[in-house]
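> Any chance you can model this:
(2 chains)
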Amino acid sequence: MLVESYPISGQAVSDQVVSGGAAIRPEAGSPELRLVDATLRCISRWGVAKTTLDDVAREAGCSRATVYRVVPGGKEGLMELVARVEVGRFFAGIASRLERAEDLESLVVFGMAEAGRRIRTHAALRYLLAHEPEQIVPRLAFSHLDDVLAAASEFAEPWLVRWLSEPGEAAHAAEWITRLVLSYSICPADGMDIGDEQSVLGLVRTYVLPGLTASLQP
Amino acid sequence: MADHLFHPDDAERCTGECSVSARLPAHVRERILEATFVCVARYGLAKTTVEDAARQARLSRATVYRHFPGGREQLVAEVVAWEAGRFFARLASAVEGAASFPELVEDALVFAHQAVEEHEVLQKILQTEPERLTTQLTIESGRLLALVRGFLFPYLAGERLRPGVEPSDAADYVARMLLSCISSGGGWDLTDREQVRRLVRTELLAGVVAEM
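Residues are numbered from 1 along each chain as shown, chains lettered A, B, ... in the order given. Okay, here's the model as predicted:
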């Protein structure tokens, strides 16, 4: 799923963040990955708007020319690469947790808590949400929420379909879970830690499983 | 909508000068917000100024500043919250006649979805200034959540709920799902009554209400 690019580089980040299909995973130790990690450190320090290619080069311990050679497209290209790599890491991290799920309940709980934990502990994302929300938040609401839900659904449907086999059911469930992860991440609730499996388990048992298993009843 | 003129949350958020403005005549504050809304519809969020709002309200700039000491920024932030409050007040009265709680939630979703689509100012600003509006709405999301929760709670307190479900927790959960679905229906067609019925009776209420 390729998304149109925007003139403002930050916008490109948030666009890419929501498009799971655009996720890429450069090899460990590759120059791309070094630049991505350097950029993330810069963003978590002073945000997207103030991060320059010089900052990134300095942080990565390379020259500005190297940045241009490794990542074409200047700052915008770099931010796009960062977003795509981070989406890839996000989904890969969730997938490796889901592999250990043994039933529908653990699948949903592992997925929500892992997603929640990754959102909560992502230093660059935390900086953006706190100080440059305009870089990220517009991509999570209204018609853009549709895109996020679609990307999450595309990722999670194959995992869920084993237990939810009615047509459309797994896709709806994936969206449902995504709505909850976003809601509790952006607007935390007292006594509920979306990144904690025990905490999520209570939520899932009370509100989610009854709706999911309704269709499993004969 | 007297309850929006002085919301209890305002008092908590206010400090210093702001607590003075809370004691100023509420009808003037309302008049300024109405005028600001007209200006935002005309010029957008970024270009609306204190002067515009004052002119539209036929008040002096000084009066506007007395009510909104934070000036433009505060005015624009508060007009978003104010219109969101009006939106949910319209929603509340639109669903009053529902025969049961699940039907009320269905009506709310259908009404809100349509109202968002048909809200000219909202749609215009989503096109032209999405970053300002959605950022503001996210900043306000705690208050919006509290608003919807407060609306749902009395109904839930009067419903027979599933064992172990507390009305206040359930109100929070249903409010989150409602707000998310109002923002985007995702794979659900919210103009299709049958789909809305299924959505409400699975994702929103299956874990909440004892019998539907």
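> okay, CA-based contacts and neighbour counts for the rest of this
Fine.
> so B:A108 is in which element?
Element membership for B:A108, per DSSP states H and E: helix B:101-118.
> Whichever helix or strand comes after that helix close to chain A?
Where DSSP H and E defines the elements, the next helix or strand beyond helix B:101-118 is helix B:120-128. No: residues of helix B:120-128 are not located near chain A by C-alpha under 8 Å from any C-alpha of the partner chain, the shortest gap being 8.5 Å.
> need the contact list for A:L129.
Contacts of A:L129 were listed using C-alpha atoms under 8 Å, 6 or more residues apart in numbering or on different chains, and they are A:136-137.
> Pull the contacting residues for B:A57.
Per C-alpha under 8 Å, 6+ apart, neighbours of B:A57: B:31-32, B:34-36.
> With distance to chain A, pLDDT and secondary structure as extra columns, can I get those in a markdown table?
Formatted as a markdown table, the contacts of B:A57 follow (distance: C-alpha to the nearest C-alpha, whole Å; pLDDT from 0 to 100; DSSP: H, G, I helix; E, B strand; the rest coil):
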| residue | distance to chain A | pLDDT | secondary structure |
| --- | --- | --- | --- |
| B:R31 | 29 | 97 | helix |
| B:I32 | 27 | 97 | helix |
| B:E34 | 25 | 97 | helix |
| B:A35 | 26 | 97 | helix |
| B:T36 | 22 | 97 | helix |
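> Identify the residues contacting A:I24.
A:84-85, A:87-88.
> at 7 Å instead, please
Taking C-alpha atoms under 7 Å, 6 or more residues apart in numbering or on different chains as the contact definition, A:I24 lies against A:84-85, A:88.
> got it, and A:F142?
B:183-184.
> In terms of pLDDT, where does it sit?
A:F142 is assigned 88 on the pLDDT scale.
> one step back: how about CSV for the contacts of B:A57, with distance to A:A171 and neighbour count added?
Output for those, formatted as CSV (distance: C-alpha to C-alpha, whole Å; neighbours: other C-alpha atoms under 10 Å in any protein chain shown):
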residue, distance to A:A171, neighbour count
B:R31, 46, 18
B:I32, 46, 26
B:E34, 42, 18
B:A35, 44, 20
B:T36, 42, 28
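> what number of residues lie near B:L75?
25 (other C-alpha atoms under 10 Å in any protein chain shown).
> How about the contacts made by it?
B:F68.
> Any stretches of the chain with poor pLDDT?
Picked chain A for this. Chain A contains residues with pLDDT under 70 at A:1-22, A:214-218.
> let's do chain B instead
Applying pLDDT under 70 to chain B flags the ranges B:1-23.
> near chain A, which residues of chain B show up?
Contact residues (C-alpha under 7 Å from any C-alpha of the partner chain) of chain B with chain A: B:130-132, B:134-135, B:141-142, B:176, B:180, B:183-184, B:186-187, B:202-203, B:206-208.
> Would you list the buried entries among those?
When the residues of chain B next to chain A are checked for burial by 16 or more other C-alpha atoms under 10 Å in any protein chain shown, the buried set is B:130-132, B:134-135, B:141, B:176, B:180, B:183-184, B:186-187, B:202-203, B:206-208.
> Mind checking which of these are in helices?
B:130-132, B:134-135, B:141, B:176, B:180, B:183 (DSSP state H).
> who touches B:Q56 in this structure?
Shown in contact with B:Q56 (C-alpha under 7 Å, 6+ apart): B:A35.
> measure it to chain A for me?
For B:Q56, the distance to chain A (C-alpha to the nearest C-alpha, to the nearest Å) stands at 29 Å.
> which element is that residue on?
helix B:50-57.
> So which residues make contact with the next helix or strand after that helix?
Once helix B:50-57 ends, the next helix or strand along the chain (criterion: DSSP H and E) is helix B:61-67. Helix B:61-67 is contacted by residues B:21, B:29, B:32, B:50-51, B:54, B:71 when judged by C-alpha under 7 Å, 6+ apart.
> In chain B, which residue sits furthest out from the middle?
Counting by C-alpha atoms, centre = their mean, the extreme residue of chain B relative to its mean C-alpha position is B:P163, 30.9 Å from that point.
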